[in-house]
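Colleague: Next one to model:
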Amino acid sequence: MRILLFLLLTPSILIAQTKKIVDKKKSSITYAMNHALHAWDGTSTDLNGVVVINTENKIEKVAIVSKVSAFDSKSSNRDAHMLEVTEALKYPNISFSSSAISESKNGELDIKGTLQFHGVGKEISFKAIHKNETSSSRVDGEFIFLLEDFKIERPSFMLQKVDNEVKVKFEIIF
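Modeller: Model prediction:
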């Protein structure tokens with residue numbers, strides 16, 4: 001991951017690009033999970049990342065990382081258990097780095113890349129929306145992943161495991 005961030009932040013001689021840092025005060029990633037008895041979500045606003053914009057003002061590359069411990073579900077017991085289940089001491093980060101992004105004229109993005117979580121890298125693809133605002137740009141989107149794809153044992157409550165599916169929504173401002 002460090003190498004990827006270094007390459008994205010290093011000036012490019014051949015291609016005119018603009019590298020923008022993710023606004024940590026305004027950006028967020030939220031996961032949502034379900035159990036037979038209740039649903040909850042957890043949000044991280046402690047993101048680091050960079051977005052590379054090409055000369056046509058289109059997003060070319062993106063790399064985002066957050067500490068697993070930065071996600072807050074408003075329940076310290078649940079958060080502590082999730083840190084245990086995801087082995088956050090051994091695998092402290094969750095990250096995404098793009099491998100391909102195509103952007104239509106109306107700002108719709110088709111994004112492909114690698115989600116790195118719990119020591120496992122998995123290729124994912126999803127859609128998002130890019131909007132240019134007065135003094136910044138934003139990308140909103142969502143995707144779904146399965147805990148089993150990242151070799152995470154599903155936590156249980158009252159002898160029932162949580163759903164395997166994790167829904168992720170993000171709002172990235174740069």
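Colleague: does residue 110 really touch residue 127, like I thought?
Modeller: Yes: using Cβ atoms under 8 Å, residue 110 is in contact with residue 127, at 6.1 Å. For the C-beta atoms, the positions are set from N, CA and C on the backbone; glycine is no exception.
Colleague: residue ranges with poor pLDDT in this protein?
Modeller: 1-15 (pLDDT under 70).
Colleague: so where does the nearest residue in space to residue 54 that is not next to it in sequence fall, helix or strand?
Modeller: Nearest residue to residue 54 in three dimensions, chain neighbours excluded: residue 60, at 4.6 Å (Cβ to Cβ, 6 or more residues apart in numbering). Assigned by DSSP states H and E, residue 60 belongs to strand 59-67.
Colleague: For the chain, just list every one of the strands.
Modeller: 18-21, 28-34, 39-44, 47-53, 59-67, 93-103, 108-117, 120-132, 137-146, 156-157, 160-161, 165-173 (DSSP state E).
Colleague: Format the ones you listed as TSV; extra columns: mean neighbour count.
Modeller: Formatted as TSV, the strands of the chain follow (neighbours: other Cβ atoms under 10 Å):
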stretch	mean neighbour count
strand 18-21	14
strand 28-34	18
strand 39-44	16
strand 47-53	20
strand 59-67	21
strand 93-103	18
strand 108-117	18
strand 120-132	14
strand 137-146	16
strand 156-157	12
strand 160-161	12
strand 165-173	18
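Colleague: Go through these and name the closest to residue 82.
Modeller: Ranking these by proximity to residue 82 (Cβ to Cβ) places strand 39-44 first, at 7.4 Å.
Colleague: Is the residue nearest to residue 54 in contact with residue 17, as I believe?
Modeller: Yes: look at residue 60 against residue 17 with Cβ under 8 Å: they come within range, at 6.6 Å.
Colleague: joint contacts of these two?
Modeller: 52, 53, 54 (Cβ atoms under 8 Å, 6 or more residues apart in numbering).
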